[in-house]
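>>> Quick one: sequence plus predicted model below, questions after.
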Amino acid sequence: MHRTKVRVVEDALDANNTIARANRDDFDRHGVKVVNFMSAPGAGKTTLLERVLPQLEGIRVGVLEGDVQGSMDADRLAGLHVPVTQINTDPGFGGECHLDANMVRSAVPSLPLEEIDLLVIENVGNLVCPAEFRVGEDARVMVCSVTEGEDKPLKYPLMFRTCELVLINKIDLLPHLEFDLGKLLYNLDAVHPGVQRMMVSARTGEGIGEWRNWLSTLAARAEAPA
Ligand code: MG
């Protein structure tokens, strides 16, 4: 019984990866670089995007916004005059707590791929399930805010292990918290040794320039020869 269950999960992930490759082919064909942007709810994904998108001069950005319900974040980002496409997992996809490749596939026809260089996919806020599903991204960026506690890398290792960049957000709050930044970094290195990390504050703007440069570099990254 147990073995059958594992098999079904493996098949589902295989199917996801096949669709993710199809998404990736579409993005590559249009020269669009894609970031899968993930975090727990409330870590500051949307606010960080509000901060960084206006600074990405010369790069045409689009956002694919994933939420269980509603379009509050999409409405905020649309105010920045970037094309925003909303995916709601409820009711379309059973209220799932993450985006998978098929959900992103369903949105591809609505994405202005001809008109953008960089697509940021803001995933559903969740530290568990989004990490399990590739959606066709070039890079994964996660946000870990200092109000979440130092233990999160140890409790949700897959998320921390499968991203290229960790944004440690809300550092302006450090003087007010009993939070050991050194301990968080130690735990981060325990699950993903040497992963790139940036200290940022969406509130004060600290570190946003460094993140902007990272996104610019990604958007300009040349395709590896086939
Ligand atoms: Mg958000």
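Here it is on my side, so go on.

>>> Pick out the residue nearest the middle of the protein.
Ranked by distance to the mean C-alpha position of the chain (C-alpha atoms, centre = their mean), the top residue is residue 37 at 0.9 Å.

>>> Look up how far residue 76 lies from the residue of the chain at minimum distance from the ion.
Per C-beta to the ion, residue 46 is where the chain lies closest to the ion, at 3.4 Å. C-betas here are computed from N, CA, C, even on glycine. Separation of residue 46 from residue 76 (C-beta to C-beta, to the nearest Å) stands at 6 Å.

>>> Residues in contact with the helix or strand containing the residue nearest to the centre of the chain: which ones?
Residue 37 is part of strand 33-39 when elements are defined by DSSP states H and E. For strand 33-39, the external contacting residues (C-beta atoms under 8 Å, 6 or more residues apart in numbering) are 24, 27, 45, 49, 117-123, 125-127, 130-131, 134-145, 159, 163, 215, 218-219, 221.

>>> What about the residues you listed, which are in strands?
118-122, 139-145 (DSSP state E).

>>> any chance of those residues in JSON lines, with distance to the ion and neighbour count too?
Formatted as JSON lines, these follow (distance: C-beta to the ion, whole Å; neighbours: other C-beta atoms under 10 Å):
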{"residue": "118", "distance to the ion": "18", "neighbour count": "22"}
{"residue": "119", "distance to the ion": "16", "neighbour count": "27"}
{"residue": "120", "distance to the ion": "11", "neighbour count": "26"}
{"residue": "121", "distance to the ion": "12", "neighbour count": "27"}
{"residue": "122", "distance to the ion": "6", "neighbour count": "25"}
{"residue": "139", "distance to the ion": "19", "neighbour count": "16"}
{"residue": "140", "distance to the ion": "16", "neighbour count": "22"}
{"residue": "141", "distance to the ion": "13", "neighbour count": "24"}
{"residue": "142", "distance to the ion": "13", "neighbour count": "26"}
{"residue": "143", "distance to the ion": "10", "neighbour count": "25"}
{"residue": "144", "distance to the ion": "15", "neighbour count": "27"}
{"residue": "145", "distance to the ion": "12", "neighbour count": "24"}
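
>>> Lovely, talk soon.
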